[in-house]
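Student: From the sequence below, what's the structure:
(chains A and B)
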Amino acid sequence: MLHIAQTALSLGCIYSLVALALFLSYRVLDIADLTTDGCFVLGMAVSVSMAAKGHPLAGLFCAIAAGGCAGFVTAFLQTRLGVPSIIAGIITNTGLYTVNLMAMGWSSNVSLIKQETIFTKFRATGIGGSWYSILLVLCIALICMVLMRQFLRTRIGLSIRATGDNKDMVSASSINPKFMITVGLTIANCFTALSGAVAGQLQKSADINAGTGIVVIGLATLIIGETVINGRKSIGRNITACLVGNIIYRFIYAIVLQTRIIPIEGLKLMTAVIVAAAIAAPTVQNQMKISSRARREMR
Amino acid sequence: MLEIQNISKVFNPGTVNEKTALAGLSLTVNDGDFITIVGSNGAGKSTLFNAISGTFLADSGRILLDGKNITFEPDYIRSKYIGRLFQDPLKGTAPHMTIEENLALAYLRAEKNTNPLSHISRKEKEFFHDRLKMLDMGLEDRMNTPVGTLSGGQRQALTLLMATLVPPKILLLDEHTAALDPQAAAKIMELTVQITEENHTTCLMVTHNLKQAVTVGNRTLMMANGNIILDLSGSEREGLTIQDLMDMFRKSAGKEFDNDRILLSE
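Tutor: Okay, the predicted model is just below:
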């Protein structure tokens, strides 16, 4: 049981970075960024490959940089070349498959056997005892959350938020919305890649298919978190919701995995249903309200 | 000084929906002018504003501001010195952000203190507070309220304040009181005159209120079919009544007046 909790907590912290990225692209900028799947694997591939060569920490930073580049490509396609935002994400995502294979030395997976990772390095310091991995990922997650909160309060952060809120008003305030979308998507993908990078070093392997469905899971966790702690109220709450939602999701996942209430192959379907239901909820609620009122008053 | 030289704009050229919105229009606006612009729907008033603010590029012609050719400058660069208010009060503010944050965005047009990674300073907050107080709407005590919760009149007042927070060289007002109730409209108009007089802002205002057109400002333009058909200032404009304006419109626009509307002559 303790093991389940530990796994759920550490995975929750790691994947909360994807939710944080989606918060920036989907909630703040109002753009569905489908680069996420490929970008997650990109981060994983770069970090694990670098760790395999003996540079685990540098691997994280290179992964962040690589993710930023992927985000920039998507942003460039949609802001400068007029590609619709969803298609821009799909195009980058498709191209990333090859890039990811290349990053892993043209093989579909890379494993770390005896090489050091950030986790083995951190364990060697003796901090945290048997909770060392959770402590490390929690620190990473918290630092990222604080950075995001502070960033969104800066002038450029305000400009990015306004770009998602009212584009007309932004260009009337001497802010270039194209530049803001570019900055926002680049940063969002840095977080996604960091998530992949940490996940890869924790499980000591990178797999070309590890990113499938990450964007939907990320959205699901974001929405779960927002619902549980009423996260749309403020920026700070919304950022916290990313972590809360992920830990809840990973607990559900771990329990399903352990008890087999539903077959493990069914989890992706369950995730898809959660996301669809959560996004559809306001519309359905509204329609139900109208039809129940109509029934009452037309009687 | 704003000089508009022979600008044209045709929408959907070569199709059945072809529409000449601006037909070789030229206009010189002197510093400190407050110009009111009247004309029926489709006369090209909003198109003229769009061309001046850079929302789109005119098909031909040049636009010069203080001698500098700004024809090809994108809108977000021009917005440093050209402020604009729309009829729709929702257009000028970000609804999910607070009053303070909206003002901070508008204040980005100031050249100084714009390190992109800096936060809103205490000094700026005080400055915003003082400016809001001038509106006399109690907004200065609600700086952390999301703008989406304000009324249309309050939002338009805030937009006016934002557009003039850093005084622009040119202020474009596109029927900015038309969507408000009479009381709010009067308040916004009063604020507009007060703020523009304070800063000696050059101002162009489109209005369908003919009384406003002859009483506010120092110069009146009438537009029809993408051109200026009447340009009154000084002694010509003195003593001008709504009836005169309507007669002149009828004379210059001819029979078109019958099936077109020139609105809200009170």
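
Student: Give me the most central residue, chain B.
Tutor: residue B:173 (1.7 Å; Cα atoms, centre = their mean).

Student: ok so that residue is a helix residue?
Tutor: No. Going by DSSP: H, G, I helix; E, B strand; the rest coil, the assignment for residue B:173 is strand, not a helix.

Student: Please, where are all the helices along chain A?
Tutor: A:2-22, A:36-52, A:56-79, A:85-103, A:118-124, A:132-153, A:155-165, A:167-171, A:177-203, A:214-228, A:235-259, A:267-298 (DSSP state H).

Student: could you check the angle helix A:235-259 makes with the last one?
Tutor: Right, the one you point to is helix A:267-298. 120 degrees (axes from the mean of the first three to the mean of the last three Cα atoms, to 10 degrees).

Student: Can you point out the buried residues in helix A:267-298?
Tutor: Across helix A:267-298, burial judged by 16 or more other Cβ atoms under 10 Å in any protein chain shown covers A:267, A:271, A:274, A:275, A:278. Heads up, the C-betas are built off the backbone N, CA and C, glycines and all.

Student: Wait, residue B:25 touches residue B:49, no?
Tutor: No. With contact defined as Cβ atoms under 8 Å, residue B:25 and residue B:49 do not form a contacting pair (11.9 Å).

Student: quick one on the thing from earlier: now do the contacts for the residue nearest to the centre of chain B.
Tutor: For residue B:173, the contacting residues are B:84, B:85, B:192, B:203, B:204, B:205, B:206, by Cβ atoms under 8 Å, 6 or more residues apart in numbering or on different chains.

Student: May I have the predicted confidence score for it?
Tutor: On pLDDT, residue B:173 comes in at 94.

Student: What's opposite it in the beta bridge?
Tutor: Residue B:173 has these beta-bridge partners by DSSP bridges: residue B:85, residue B:205.

Student: quick one on the thing from earlier: check the contacts of residue B:173 against residue A:105 and report the nearest one.
Tutor: residue B:84 (55.3 Å; Cβ to Cβ).

Student: show me where the stretch 1-150 of chain B has helices.
Tutor: Taking DSSP state H, counting those that start in this stretch as the test, the helices found in the stretch 1-150 of chain B are B:45-53, B:75-78, B:99-106, B:122-135.

Student: Any chance you could list what contacts the longest one?
Tutor: Okay, so that is helix B:122-135. B:99-100, B:103-104, B:107, B:113, B:139-140, B:143, B:157-158, B:161, B:165, B:191.

Student: That helix to helix B:99-106, inter-axis angle?
Tutor: Using the same axes, to 10 degrees: helix B:122-135 against helix B:99-106 is 100 degrees.

Student: Report all helices and strands that the helix or strand following helix B:122-135 contacts.
Tutor: With elements assigned by DSSP states H and E, the helix or strand that comes after helix B:122-135 is helix B:152-165. Using 3 or more Cβ pairs under 8 Å, 6 or more residues apart in numbering or on different chains; DSSP states H and E, the elements in contact with helix B:152-165 are strand B:82-85, helix B:99-106, helix B:122-135, helix B:182-199.

Student: now for the ones you listed, which one comes closest to residue A:206?
Tutor: Closest among the helices and strands packed on helix B:152-165, once you apply Cβ to Cβ, is helix B:99-106, at 40.8 Å.

Student: roughly how far is that closest one from the heart of the chain?
Tutor: 20 Å (Cα atoms, centre = their mean, to the nearest Å).

Student: what's the neighbour count on residue 162?
Tutor: By default, I'm working from chain A. Per other Cβ atoms under 10 Å in any protein chain shown, the neighbour tally for residue A:162 reads 26.

Student: That was the other one, I meant chain B.
Tutor: Neighbour tally, residue B:162, other Cβ under 10 Å: 25.

Student: Residue A:256 reaches residue A:264, doesn't it?
Tutor: Yes. Contact criterion Cβ under 8 Å: residue A:256 and residue A:264 qualify, at 6.8 Å.

Student: Looking at these two, which one has more neighbours?
Tutor: residue A:256 (16 against 10).

Student: Look up how far residue A:180 lies from that one.
Tutor: As judged by Cβ to Cβ, to the nearest Å, residue A:256 and residue A:180 stand 40 Å apart.

Student: How about residue A:261?
Tutor: Counting by Cβ to Cβ, the gap from residue A:261 to residue A:180 is 45 Å.

Student: between these two, which one's more packed in?
Tutor: Neighbour tally, residue A:261 and residue A:180, criterion other Cβ under 10 Å: the higher count belongs to residue A:180, 24 against 10.

Student: of all the buried residues of helix A:267-298, which comes closest to residue A:60?
Tutor: residue A:271 (26.8 Å).

Student: Which residues are in contact with the closest one?
Tutor: Residue A:271 touches A:213, A:216, A:217, A:220, counting by Cβ under 8 Å, 6+ apart.

Student: are any of these buried, and which?
Tutor: By 16+ other Cβ under 10 Å, those give A:216, A:217, A:220 as buried.

Student: closest to chain B among those residues?
Tutor: residue A:220 (22.8 Å; Cβ to the nearest Cβ).

Student: Correct me if wrong: the closest one contacts residue A:278.
Tutor: Yes. The criterion here is Cβ under 8 Å, and residue A:220 meets it with residue A:278 at 7.1 Å.

Student: Could you pull up the contacting residues of residue 222?
Tutor: Just going to use chain A. A:19, A:22, A:23, A:26, A:27, A:241, A:242, A:245.

Student: let's do chain B instead
Tutor: B:37, B:38, B:39, B:228, B:229, B:230, B:231, B:245, B:248, B:249, B:252.

Student: Contact residues of the stretch 51-200 of chain B facing chain A?
Tutor: Residues of the stretch 51-200 of chain B lying close to chain A (Cβ under 8 Å from any Cβ of the partner chain) are B:53, B:74-77, B:79-80, B:83-84, B:86, B:90-97, B:101-102, B:104-106, B:108-109, B:114-120, B:162-163.

Student: For residue A:111, the count of nearby residues, please.
Tutor: Residue A:111: 12 neighbours (other Cβ under 10 Å).

Student: same check, this time on the one 10 residues further on
Tutor: Other residues near residue A:121 number 13, with proximity taken as other Cβ under 10 Å.

Student: what's the pLDDT at it?
Tutor: 91.

Student: what about it, distance to chain B?
Tutor: 31 Å (Cβ to the nearest Cβ, to the nearest Å).

Student: can you check residue A:136 too?
Tutor: 27 Å.

Student: Could you verify that residue B:232 is part of a strand?
Tutor: Yes. Checked against three-state DSSP, residue B:232 lies within a strand.

Student: Quick check: it touching residue B:220?
Tutor: Yes. At 4.8 Å, residue B:232 counts as touching residue B:220 under the criterion of Cβ under 8 Å.

Student: okay, those two: which has more neighbours?
Tutor: The neighbour count for residue B:232 versus residue B:220, taken as other Cβ under 10 Å, is higher for residue B:220 (24 against 20).

Student: can you tell me which residues contact the more buried one?
Tutor: Here residue B:220 is in contact with B:35-38, B:213-214, B:230-233, B:237, B:240, B:245 (Cβ under 8 Å, 6+ apart).

Student: so who does whatever residue of the stretch 101-250 of chain B ends up closest to chain A touch?
Tutor: Nearest residue of the stretch 101-250 of chain B to chain A: residue B:116, at 3.8 Å (Cβ to the nearest Cβ). By Cβ under 8 Å, 6+ apart, the contact list for residue B:116 reads A:154, A:155, A:156, A:159.

Student: Good, wrapping up.
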